[in-house]
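Student: I would like to see how this sequence folds:
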Amino acid sequence: MTLRPDMPLRAAAQLLYEADFSGAPVVDDGGELIGVLSEHDLLEKEAHPRYGLRPGVAASHRRHEASTVGEVCGRPALTIAADTSVHDVARQLIDRQVSRLIVVDGGRVVGVVTRHDILRSLIRPDAELQAAVAAVLTEAGEHEVDSTVEAGVVTLEGKAQRRSGVRSVIGVVADIDGVMRVDQRLAWHTDDVGLPGQ
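Tutor: All right, here's what the predicted structure looks like:
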C-alpha cells in the first residue's frame, strides 16, 4: 500500500487503521518515493502543538495545522534494497533505530519490511529450515554431510569433500533466514588447508 502526498490525513489514517499498518510509503504520481507516513506522524498531528522557544516548536505547529499526507510525512524515507539479507535488514533497523524500512528495487517502491517481519523469519519452522539446508548441501556437492534442525539450531555431521570447504558451507547455512546457530561435527576427505597453492 502506498499513499499520495495530496491525500487527506483522515483518509490516510483510515487506510492505515483498516490495514493494521503502522506506516506506509508516500509516493508521487510518477511512483517516486517522497517519504513515509507513520502512526507517530499522525499522533504528532493530533497532539497539542508545543509552545515556547524549544527545538521543534515550529515543526509542531506546522504538523498541527496540516491536512494532507505530504505535509506530515517523515522525510527522507529510509530505504533498503530488495535483495538485502534478513540479517542485514535487522542490523539496519537496529542501527537506524526505526521500526520499518522501505524496500526499493531499481528506484521503485516494492514493499515495506518491519521489525515484525524479521521476527517472523526467526520463527521459521524447522522443516522449512531443514529443506533450505539440504538444498545448500546439495548445491555445494556435500552429499556425505547430514543435517538436523531443532529450534532453529542446525547440526552438520558427516564427511565434507575438502577441509577448506567446511567454513564456506557453514557460512552459507548460517545465513539462511531463521537459522539461530550452526553446530558442526564434520570430518573431511581431503585436508587441503595449508597445502601449496591453497
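
Student: and the longest helix along the chain, average pLDDT?
Tutor: The helix spanning the most residues in the chain, taking DSSP state H as the definition, is helix 126-139. Averaging pLDDT along helix 126-139 gives 96.

Student: Which residues does that helix contact?
Tutor: Judged by C-beta atoms under 8 Å, 6 or more residues apart in numbering, the contacts made with helix 126-139 from elsewhere in the structure are 143, 145, 147-152, 154, 169, 172-173, 176, 178-179. Quick note: C-beta positions are derived from backbone N, CA and C, even for glycine.

Student: Confirm Leu42 sits in a helix?
Tutor: Yes - the assignment for Leu42 is a helix, going by DSSP: H, G, I helix; E, B strand; the rest coil.

Student: What count of nearby residues applies to it?
Tutor: 21 (other C-beta atoms under 10 Å).

Student: Assess the claim that it and Cys73 are in contact.
Tutor: No - here Leu42 lies out of contact with Cys73, judged by C-beta atoms under 8 Å, at a distance of 10.0 Å.

Student: Pull the most distant pair out of the contacts of helix 126-139.
Tutor: With distance counted by C-beta to C-beta, no two of the contacts of helix 126-139 lie farther apart than His143 and Ala151, which are 26.1 Å apart.

Student: Looking at the two, which one has more neighbours?
Tutor: The residue with the greater number of neighbours, taking His143 and Ala151 and applying other C-beta under 10 Å, is His143; the counts read 11 against 8.

Student: Can you pull the phi and psi angles for the more buried one?
Tutor: Listed backbone geometry of His143 is phi -80, psi -10, with angles given as degrees, to the nearest 10.

Student: I appreciate the help and will end here.
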